[in-house]
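Visitor: structure, please.
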Amino acid sequence: MRLTVVGCSGSFAGPDSPASCYLLETEHKDRTWRLLLDLGSGALGPLQRHTDPLALDAVVLSHLHPDHCLDLTGLHVMRSHSPTGRSRRRLRVYGPDGTAERIARAHGVEQATDVTDVFTFVTVRDRREFTVGPFRLVPIEVTHPVEAYGYRVEAGGVTIAYTGDTDSGPGLSPLMADAELVLADSAFVEGRDRARGIHLTGRRAAEAALAAGGVQRLMLTHLPSWNDPEVCRAQAAEVWPGEVELAEPGRTYEL
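Guide: I've put the predicted structure just below:
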């Protein structure tokens, strides 16, 4: 499985990275399967450097804040009006309850504009497994002010755990356990951000990965541009026994 970090800026697009978007690819039955985890603000542009967005097999949303879903509106335009011809199949979009209505509101101006002409929306539920070709996904509800999910994604014998946006909570251990790689929200900084129930700090991400057990790699992501990534890394390193990685926009990781 290949992971490309299309965007990893937290809460809004930063000067060097769009908001959350992760491309997963794997070979199966003589073709490449392509899955997106989130398609946040600013991500559709750089996504085109890595793949043809019209070739995606599915988009999976962690939650419905703009920095995780807003560029679906641009993808709708692309799939509807590309001069190469309108896509003949509707793209499956997996997300929380109300995803279709949320994107319709974002796409419209005076009123919501139906987008089910090019998208098929599928509502995810906590611990209810689903598949996209060779990808097996398990959504696990996490701690955030809105309905939000992390995802365990398995393909080719590799497991990635993506937290989406979350604070510490009971969902993190089953989400992270025995994952080859954990992509962990680290939007908050110890000693600066005191609100709870919203985001992890680097330290809390490391604590959760250790408590889950069997995690091989910890990668911090969802870093807003006002954070110093090295501070987040150092706070995680106080707990995590190995290397603490920082997600890098535009980089592809072979897993």
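
Visitor: can you give me the strands for the chain?
Guide: In the chain, the strands defined using DSSP state E lie at 2-7, 21-28, 31-39, 58-60, 91-95, 119-123, 130-132, 135-141, 149-155, 158-162, 181-185, 217-221, 244-246, 252-254.

Visitor: so of these, which one's packed in deepest?
Guide: Neighbour counts (mean count of other CB atoms under 10 Å) averaged over each of these peak at strand 181-185, with a mean of 28. Every C-beta, even on glycine, is put in place using the N, C-alpha and C of the backbone.

Visitor: residues touching Gln216, list them.
Guide: Each residue near Gln216 by CB atoms under 8 Å, 6 or more residues apart in numbering is listed here: Ala179, Glu180, Leu181.

Visitor: what ranges in this protein fall below the confidence cut-off?
Guide: Scanning the chain for pLDDT under 70 picks out 85-88.

Visitor: got the phi and psi for Gly133?
Guide: The phi and psi values for Gly133, taken as degrees, to the nearest 10, are phi 60, psi -120.

Visitor: which residue packs closest to it, ignoring adjacent ones?
Guide: Counting by CB to CB, 6 or more residues apart in numbering, Gly133 lies nearest to Trp33, which is 4.3 Å off, once chain neighbours are set aside.

Visitor: right, and that neighbour touches Thr51 too?
Guide: No. When contacts are counted by CB atoms under 8 Å, Trp33 is not listed as touching Thr51 (11.1 Å).

Visitor: show me whatever sits in contact with both of the two.
Guide: By CB under 8 Å, 6+ apart, the residues touching both Trp33 and Thr51 are Glu25.

Visitor: show me the beta-bridge partners of the residue nearest to Gly133.
Guide: For Trp33, the beta-bridge partners are Thr26 (DSSP bridges).

Visitor: can you tell me how far it is from Ala148?
Guide: Distance of Trp33 to Ala148, computed by CB to CB, to the nearest Å: 25 Å.

Visitor: same check on Pro174?
Guide: Here the criterion is CB to CB. By it, Pro174 lies 15 Å from Ala148.
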